[in-house]
Structure formats: structure tokens, C-alpha cells
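S.K.: Have a look at this prediction, sequence included:
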Amino acid sequence: RPSDFDLHCETVERMDEATELVAPIEARLLQEVAKAFGEDWRDTWHLGIPEWEEIPHSINVRDIVRLWTWAKALDMVEFGKWRYNMLDPADHWIPGARVQEFDTEVMLRKLADSPHAKKIVEILRGAEEMFGGEKVSRLSEG
């Protein structure tokens, strides 16, 4: 139905307001992350994490840690499960692999530039338990 696109059309008409509309929402989300983990984690969790192609087994560490952070701080566990189970190294939309067995020392070396390397390894160790399940396909794939 043409009316299915009304909200989308309204959104496009308000694109010039995006920054002012999104900023307070983003601020509240970041405030919740800081409340759960502290400002240091909120501001630095992503630093020093290499791209997934540089990680053993192509594990998408950055996305997995982001999903873990949102799951814990914002109660977004179901979203995390959905997104985590869509990870696929051959997929350009959601690239990288889920957590597989990995050598802790090798992973710590890969994360040497991260101020949170040890915590990230712990997060990775629990990610499959928190998010794991059957592979999920995008809605467009049917």
C-alpha cells in the first residue's frame, strides 16, 4: 500500500533536522552505558581493536563488544542475538565471524593497542553463550 511509505517520506522531509533530533537520544544512550560501565569504558572500549580481517578466525571483535555493551547497559540482548547470528565473513553487510575457539595469547597480542584487552577477551569468551544460536538471514533473503 502507498500509505506504508508515509513514515519514510516524513523522515526524508526532516533529514535536515537529523542532528538535533538524534543528539538527545544518543546522549541518553551513552549516559546509560556510562552508568553501567563508567565513562572510561563508554569513551574508549572501541580503541585499539583491529578490523575483523586482522583477527584470528575473522572474529568481528568490535561488533561483538559493541553488542555486549548494548546488551548489558541497554537491555538489548534480543537485538544482540539477532545481529550476532547474522555475522558472516562472506557478508559485506554484517561481516566477520562469531566467536570460535581462539588462543588467548594470540588474541591479547592482536588487542595490544586496546586499553581493555583482557576485558575484551573475557567478553569474547562469554559472547557465544549470551548471543549464540542458529544463523539468521536478513529479511531480504526470505
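M.R.: Ah, there it is. Numbers count the residues shown, from 1 in each chain.
S.K.: Report pLDDT for A112.
M.R.: A112 carries a pLDDT value of 98.
S.K.: Could you pull up the contacting residues of the residue lying closest to it once chain neighbours are set aside?
M.R.: Closest residue to A112 in three dimensions, ignoring its sequence neighbours and counting by C-beta to C-beta, 6 or more residues apart in numbering: G48, at 7.4 Å. (C-beta placed from N, C-alpha, C; glycine too.) Counting by C-beta atoms under 8 Å, 6 or more residues apart in numbering, G48 makes contact with 111-115, 117.
S.K.: biggest separation within those, which pair?
M.R.: A112 and P115 (10.5 Å; C-beta to C-beta).
S.K.: neighbour count winner among those two?
M.R.: P115 (14 against 9; other C-beta atoms under 10 Å).
S.K.: Just give me the neighbour total for the nearest residue in space to that one that is not next to it in sequence.
M.R.: Distance criterion C-beta to C-beta, 6+ apart; nearest residue to P115, sequence neighbours excluded, is T44 at 5.5 Å. Counted with other C-beta under 10 Å, residues neighbouring T44 total 13.
S.K.: what's the spacing between T44 and P56?
M.R.: 23 Å (C-beta to C-beta, to the nearest Å).
S.K.: and what of P24?
M.R.: As judged by C-beta to C-beta, P24 and P56 stand 40 Å apart.
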